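Student: output the structure for:
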Amino acid sequence: MRDRELSARTIRRKLSLEQANLSQRLAVLRSYQTLVNRREGNQVFYSICNRMLVEVLDMMHRYFQASLADAVQMLEEVECEVSPR
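Tutor: Prediction:
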């Protein structure tokens with residue numbers, strides 16, 4: 001949904017979720033006004049309500065990637081100090 005709206009069917013296929021489970025999750029995201037939906041025939045399409053959310057999630061992703069890289073480096077340093085040579 002980062003770049004375009006997706007049908008519920010497409011989302012379900014990409015996430016490999018049961019229909020009921022997906023419906024509950026999408027309902028929660030709609031209730032928090034994270035997603036909006038529109039109907040076209042018998043299909044429902046979802047998109048992100050505010051593009052700023054994508055930017056926030058991208059920043060959080062970069063932050064956690066950097067934190068993970070730091071943690072891995074620290075573990076490697078500890079491993080080198082502890083393991084016998």
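Student: need the three-state assignment for Val36.
Tutor: Under DSSP: H, G, I helix; E, B strand; the rest coil, Val36 falls in the strand class.
Student: which residue packs closest to it, ignoring adjacent ones?
Tutor: Cys49 (5.0 Å; C-beta to C-beta, 6 or more residues apart in numbering). Just so you know, the C-beta spots here come from the backbone N, C-alpha and C atoms, and that holds for glycine as well.
Student: which residue is nearest the middle of this structure?
Tutor: Leu57 (8.0 Å; C-alpha atoms, centre = their mean).
Student: packing partners for the longest helix along the chain?
Tutor: For the chain, the helix that runs over the most residues, judged by DSSP state H, is helix 52-82. Contact here means 3 or more C-beta pairs under 8 Å, 6 or more residues apart in numbering; DSSP states H and E; on that basis helix 52-82 packs against no helix or strand.
Student: can I see the domain layout of the chain?
Tutor: 1-49, 51-85 (automatic domain parsing).
Student: quick one: distance of the shortest one to the chain centre.
Tutor: Right, domain 51-85. 18 Å (C-alpha atoms, centre = their mean, to the nearest Å).
Student: ends of stretch 29-41, how far apart?
Tutor: The first and last residues of stretch 29-41 sit 22 Å apart, counting by C-alpha to C-alpha, to the nearest Å.
Student: list the neighbours of that stretch that are in contact with it.
Tutor: Residues outside stretch 29-41 that contact it (C-beta atoms under 8 Å, 6 or more residues apart in numbering) are Met1, Glu5, Leu26, Val44, Phe45, Tyr46, Ser47, Ile48, Cys49, Leu53.
Student: now the residues you listed in a markdown table, with secondary structure?
Tutor: Shown next, in a markdown table, are those (three-state DSSP):
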| residue | secondary structure |
| --- | --- |
| Met1 | coil |
| Glu5 | coil |
| Leu26 | helix |
| Val44 | strand |
| Phe45 | strand |
| Tyr46 | strand |
| Ser47 | strand |
| Ile48 | strand |
| Cys49 | coil |
| Leu53 | helix |
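Student: max pairwise distance over those: which two?
Tutor: Val44 and Leu53 (19.7 Å; C-beta to C-beta).
Student: show me the shaky parts of the protein.
Tutor: By pLDDT under 70, the low-scoring segments of the chain are 84-85.
Student: sweet, I'm off.
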